[in-house]
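> sequence first, predicted coordinates after that:
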Amino acid sequence: MAGSRDPIRPEIDGLRLYSDLCSPRTPGPLGYLDAGDPDVAVNLGDTPGPLGVRDYADPAAQRFRWMPPLNFEDSPEYKVFEEIVLNAQVKKAERRGRHRVTSIPDAELDVVEGKFKLRKYAAKKCRALLLQARTDLAKEQAEFLKKPKSDQEKEKKRMKANGEIPVTAVKPKNGVGITSAYRSFEYDRALWQAYVRQKYYPMTYSERSMLSCWEGGQYGWKATESFVNFISKRKAAPGFSNHTNGIAVDFFTIEDSHRLQAETGKSNDDLKRLNHRWEKSWLYRWLQKHKKDYGIDRIETEAWHWEFK
């Protein structure tokens, strides 16, 4: 919006740029975060626009995405915030009727393949599913290559128009598998914390640090609400994932040397794009076709995450 501030506040290791250090940009009576607001610091990235030099409206304006200070996780404020976020995410899951699951005894688990385990009935189904998927993949690839070259090209062209990947693009050996299955509560708790500290908190820091004191600041009520919503689309609270319940798997597939796996990206748009890409894969189409045979279905937010009923 012309005349309003760039919603990025410079902050490096706790240092901020204040208005007494920077000249104000284009003035205007537009209210909160308006250029004429004497209580809001000037922001880097304000460049020429319709209202003059440093107007935010310039679409070519260079933007800055600020990262939290080094060792932010050691600060008392962050530790309290992380605990509040975790508790809020737990309550959100409980309101949806979910129940926390503790670690499952090893006697109730069985190996799917490699190091991956599930509850015994789910492990049996998953082994059968992977065997059938790999068998069908080899069969479909062989049948496709028997077709005349002209027919192969027509089918590839048709699939490309639909954004789909032909079966021959899937790696013949080890092109289908899983990257995650059962996770103990202790492991999932450590994984949640690692994701939050190493990925999700830095990814959302710029927006959160711009929240005003009326909104509770970067550790207040609005920051908590938005952060919980952001995390919940990517990582369940410890104990509330069906990975910990021993009935969920994350699949992977390799197509045209590109590995599709559990990856949520850096934004909501990234997550949407990654899900869309997964939904065009051969493995996803196969899973949709055979999901009733194995009593398995995906979760809405992740096309690679499937759960046995």
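Cool, got the structure.

> give the contact list for the most centrally placed residue in the chain.
Nearest residue to the geometric centre of the chain (CA atoms, centre = their mean): Thr264, 2.4 Å. The contact partners of Thr264, taken as CB atoms under 8 Å, 6 or more residues apart in numbering, are Lys233, Arg234, Asp270, Leu271, Leu274, Glu302. From N, CA and C alone the C-beta is placed, and that goes for glycine too.

> so for stretch 181-195, what gets flagged as buried?
Across stretch 181-195, burial judged by 16 or more other CB atoms under 10 Å covers Ala181, Tyr182, Arg183, Ser184, Phe185, Asp188, Arg189, Leu191, Trp192.

> now do stretch 197-209
For stretch 197-209, by 16+ other CB under 10 Å, it's Tyr200, Tyr201, Pro202, Met203, Thr204, Tyr205, Ser206, Glu207, Arg208, Ser209.

> now stretch 104-116
Across stretch 104-116, burial judged by 16+ other CB under 10 Å covers Ile104, Leu109, Asp110, Val112, Phe116.

> could those residues go into JSON lines alongside secondary structure and pLDDT?
Putting those into JSON lines (DSSP: H, G, I helix; E, B strand; the rest coil; pLDDT from 0 to 100) gives the following:
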{"residue": "Ile104", "secondary structure": "coil", "pLDDT": "94"}
{"residue": "Leu109", "secondary structure": "strand", "pLDDT": "97"}
{"residue": "Asp110", "secondary structure": "strand", "pLDDT": "98"}
{"residue": "Val112", "secondary structure": "strand", "pLDDT": "98"}
{"residue": "Phe116", "secondary structure": "strand", "pLDDT": "97"}
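
> what's the closest of those residues to Leu130?
When the buried residues of stretch 104-116 are ranked by distance to Leu130 (CB to CB), Val112 comes first, at 7.5 Å.

> ok, that closest one to Thr102 distance?
Between Val112 and Thr102 the computed distance is 21 Å (CB to CB, to the nearest Å).

> do Lys235 as well
18 Å.

> also Gly177?
28 Å.

> and those two? Which one has more around it.
Gly177 (20 against 10; other CB atoms under 10 Å).

> okay, now Lys146: neighbour count?
Lys146 has 9 nearby residues by other CB under 10 Å.

> so it versus Asp74, what's the distance?
Counting by CB to CB, the gap from Lys146 to Asp74 is 62 Å.

> got the residue ranges for the strands in the stretch 201-309 of the chain?
248-255, 258-260, 296-299, 302-308 (DSSP state E, counting those that start in this stretch).

> can you tell me what sits against the longest one?
Residues from elsewhere that reach strand 248-255 (CB under 8 Å, 6+ apart): 112, 116, 118, 126, 165, 169-171, 174-181, 241-242, 259-262, 281-283, 287, 302, 304-308.

> quick one, helices of this structure?
Assigned by DSSP state H, the chain shows helices spanning 76-95, 120-146, 149-161, 185-195, 201-209, 221-232, 268-279, 282-294.

> CSV please, covering those and showing distance to Ile254 and mean pLDDT.
Below are the helices of the chain laid out as CSV (distance: least, CB to CB, whole Å; pLDDT from 0 to 100):
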stretch, distance to Ile254, mean pLDDT
helix 76-95, 33, 95
helix 120-146, 11, 96
helix 149-161, 17, 89
helix 185-195, 24, 95
helix 201-209, 27, 90
helix 221-232, 29, 93
helix 268-279, 13, 91
helix 282-294, 10, 96
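
> of those, which is nearest Trp66?
With CB to CB as the criterion, Trp66 lies closest to helix 201-209 of the helices of the chain, at 5.0 Å.

> now do that closest one against helix 221-232, angle only.
Inter-element angle recorded for helix 201-209 and helix 221-232: 150 degrees (by axes from the mean of the first three to the mean of the last three CA atoms, to 10 degrees).

> helix 201-209 versus helix 76-95: what angle between them?
100 degrees.

> and helix 201-209 with helix 268-279, angle?
Our comparison of helix 201-209 with helix 268-279, counting by the same axes, to 10 degrees, yields an angle of 140 degrees.
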